[in-house]
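Novice: Got a predicted model here, sequence first, then my questions.
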Amino acid sequence: MQVPEQAAQGPAARELGDFLERRREQIAQRWADVPLFRTVFTVSRDEAVEACKVVVDALREVASSGRLDDVAAPGFDPAREQLGRMAASRARGGVSPAQVANEAAGLRAAAAELLRGEDLPAHEAREALLALTVLMGTLRVVIMETTVLAGDELIARQRQQLLEVATPVISLWEGVVAVPLIGTLDSARSQVVMESLLQAVVERRARHAILDITGVPTVDSLVAHHLMQTVAAVRLMGAECIVSGIRPAIAQTIVHLGIDLSAVLTRGSLADALEYALARQGTEVSRRAAGATPR
Amino acid sequence: MPAPDPAATTTMPIGSDADLAWVRHRVRQCAAGLGFGLVQQTKLVTAASELARNTLVHGGGGQVEITPLADGPRRGIRLAFTDSGPGIGDVDLAMTDGYSSACGLGLGLGGARRLVDELTVDSRAGQGAVVTVVAWLTGAPTDRTGRG
């Protein structure tokens, strides 16, 4: 293009801004039927139209400010939250960022069609269409940005959730708490386990703590080290710690690896560990004699 | 030495704790695919875990090559851990149980050796290290049962 782009954009951008204001309602009505909005606002079409208006207003603001190709234009800010929610909703529905970008492209076609129907001089119409194309391209980048950010947030939230759900301390009996460990026991996890277990020992006045490693696939020297540290810490609190759920393959591996767990009280299964703890507490569990009636 | 099939070699980076989990997962998958029993799988995966952690902690990161081996009817796996860290100055000392240059149980290298059929260390101080282990499916376990 021969004319400096900024100079050419000025009037065209203003023209576009006017068009967006004039046709706000029609554009919003059309966009509400585009998959990007339609699939998110499933309950009520009016909601979709309202959401579209927010985006149209943002675009008009950006167009009026003349910053058509500026992704960071402040005009987009009011629509960002809206777009972020939509992106997150699409991501949850299993739609890839590329598909979202394609759906965003659909918005341009709908708006361009309306713009062509405007009664404008040929030259101005061309310039306005060009400005619209630039603006919608920028909107697409903004949508992509929010999509990626939504994905990052989702991952961070899930990571946090995983840490929280991974270490429940269960009360098995009065004075007996247990932690069923599942998955990899790395340094961060073992720290969380140790903290929550020690906390539970204090709060529930536990005399016995059971670490069940049935769900730990690999016990190498570091995992064993973490287990021994946890056992030692529990012992310092005045409680007895039992490690249960050592599978045959793990037992053989521990022996070959040369880890000395003789200082740690171990039991084959969680049931055995509970039985041991109850016996130590002097609690007797017995089968009801035949003929006796339950209370 | 049997001829490994270079096409079947998988190379994985070791640069973080998350990578260790991937290495364990891949080694277990590979061993299970070759028909390793549960005990042998567990031993090999544990050895891989120790050595991969050595690569990460002592070598400052590196990579592992996982290669299925075939020697006549025998099937096996070779794992080669490579790093470009400070290297292992005294290999014999590093193999000794209880010796550790970082905090830990000091069982990594020596322990890993007892979990596999062959373990070789190629390293000179300052030039990184290549630790290679081989585990065979057939040829039932010999009496390398450590001191358990």
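Specialist: Perfect, thanks for sending it.

Novice: which secondary structure element contains A:R108?
Specialist: Counting by DSSP states H and E, the element that carries A:R108 is helix A:97-116.

Novice: on contacts alone, who are the packing partners of that helix?
Specialist: In this structure, helix A:97-116 makes packing contacts with helix A:24-31, helix A:35-38, helix A:77-92, helix A:122-165, judged by 3 or more Cβ pairs under 8 Å, 6 or more residues apart in numbering or on different chains; DSSP states H and E. All C-beta atoms are positioned from the backbone trio N, CA, C, and that covers glycine.

Novice: Out of those helices, which is closest to chain B?
Specialist: If you check each of these against chain B by Cβ to the nearest Cβ, helix A:122-165 wins as the nearest, at 10.8 Å.

Novice: Which stretches in the stretch 151-295 of chain A count as strands?
Specialist: Under the criterion DSSP state E, counting those that start in this stretch, strands of the stretch 151-295 of chain A are mapped to A:170-173, A:176-182, A:208-215, A:240-244, A:265-267.

Novice: Output the ones you listed in JSON lines; the columns should cover mean pLDDT and distance to chain B.
Specialist: JSON lines is the format used below for the strands of the stretch 151-295 of chain A (pLDDT from 0 to 100; distance: least, Cβ to the nearest Cβ, whole Å):
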{"stretch": "strand A:170-173", "mean pLDDT": "92", "distance to chain B": "25"}
{"stretch": "strand A:176-182", "mean pLDDT": "91", "distance to chain B": "14"}
{"stretch": "strand A:208-215", "mean pLDDT": "93", "distance to chain B": "13"}
{"stretch": "strand A:240-244", "mean pLDDT": "94", "distance to chain B": "16"}
{"stretch": "strand A:265-267", "mean pLDDT": "92", "distance to chain B": "14"}
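
Novice: Same list, the ones you listed, but as CSV with mean neighbour count and distance to B:A31 please.
Specialist: As requested, those are arranged in CSV below (neighbours: other Cβ atoms under 10 Å in any protein chain shown; distance: least, Cβ to Cβ, whole Å):
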stretch, mean neighbour count, distance to B:A31
strand A:170-173, 14, 33
strand A:176-182, 22, 22
strand A:208-215, 22, 20
strand A:240-244, 22, 26
strand A:265-267, 19, 26
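
Novice: quick one: which of these is nearest A:A12?
Specialist: The minimum distance between A:A12 and these falls on strand A:176-182, with 60.7 Å, by Cβ to Cβ.

Novice: Pull the residues that contact that closest one.
Specialist: Residues external to strand A:176-182 that are found in contact with it (Cβ atoms under 8 Å, 6 or more residues apart in numbering or on different chains): A:166-172, A:193, A:196-197, A:200-201, A:204, A:206-216, A:245, A:270, A:273-274, A:277-278, A:281.

Novice: follow-up on the earlier one: could you pull out the buried residues of the helix holding A:R108?
Specialist: Buried positions in helix A:97-116, judged by neighbour count with 16 or more other Cβ atoms under 10 Å in any protein chain shown: A:P97, A:V100, A:E103, A:A104, A:A105, A:L107, A:R108, A:A110, A:A111, A:L114, A:L115.

Novice: and the residue of the stretch 151-295 of chain A found nearest chain B, what pLDDT?
Specialist: Among all residues of the stretch 151-295 of chain A, A:V255 sits closest to chain B, at 3.2 Å; criterion: Cβ to the nearest Cβ. Confidence per residue is given as pLDDT, and for A:V255 that number is 89.

Novice: same question, B:Q40
Specialist: According to the predicted model, the pLDDT of B:Q40 comes to 91.

Novice: Let me know whether it touches B:A135 as I believe.
Specialist: Yes. With contacts defined as Cβ atoms under 8 Å, B:Q40 counts as touching B:A135 at a distance of 6.9 Å.

Novice: shared neighbours of those two, which are they?
Specialist: Taking Cβ under 8 Å, 6+ apart as the criterion, B:Q40 and B:A135 both touch B:A31.

Novice: B:L44 against B:R78, yeah?
Specialist: No. If you go by Cβ under 8 Å, B:L44 and B:R78 don't touch, sitting 10.8 Å apart.

Novice: quick one, which of these two is more surrounded?
Specialist: B:L44 (27 against 19; other Cβ atoms under 10 Å in any protein chain shown).

Novice: host element of the more buried one?
Specialist: Assignment of secondary structure by DSSP H and E places B:L44 within helix B:38-57.

Novice: buried stuff in that helix?
Specialist: When neighbours are counted by 16+ other Cβ under 10 Å, the buried residues of helix B:38-57 are found to be B:39-57.

Novice: same check, this time on stretch B:71-88
Specialist: In stretch B:71-88, the ones that count as buried by 16+ other Cβ under 10 Å are B:75-83, B:85-88.

Novice: circling back: how far is the helix holding A:R108 from where the chain is centred?
Specialist: In terms of Cα atoms, centre = their mean, to the nearest Å, the gap separating the centre of helix A:97-116 from the centre of its chain is 28 Å.

Novice: That helix vs helix A:24-31, what angle?
Specialist: 140 degrees (axes from the mean of the first three to the mean of the last three Cα atoms, to 10 degrees).

Novice: tell me the SS of B:M12?
Specialist: Applying DSSP: H, G, I helix; E, B strand; the rest coil to B:M12 yields a three-state assignment of strand.

Novice: got a list of what it touches?
Specialist: For B:M12, the contact set (Cβ under 8 Å, 6+ apart) comprises B:D19, B:W22, B:V23, B:R26, B:Q63, B:V64, B:I66.

Novice: Can you pull the phi/psi pair for the first one?
Specialist: Note on B:D19: backbone dihedrals following degrees, to the nearest 10 are phi -60, psi -40.

Novice: and chain A, which of the buried residues of helix B:38-57 contact it?
Specialist: If you filter these for contact with chain A, counting by Cβ under 8 Å from any Cβ of the partner chain, you are left with B:V39, B:Q41, B:T42, B:K43, B:V45, B:T46, B:S49, B:E50, B:R53.

Novice: Just flag the most distant two among the residues you listed.
Specialist: Distance extremes for those: the farthest pair is B:V39 and B:R53 at 21.5 Å, using Cβ to Cβ.

Novice: returning to that earlier point: nearest to A:D69, of the strands of the stretch 151-295 of chain A?
Specialist: Among these, strand A:176-182 comes nearest to A:D69, with 50.2 Å by Cβ to Cβ.

Novice: quick one: strands adjacent to the closest one?
Specialist: If you go by DSSP bridges, strand A:176-182 pairs up with strand A:170-173 (antiparallel), strand A:208-215 (parallel).
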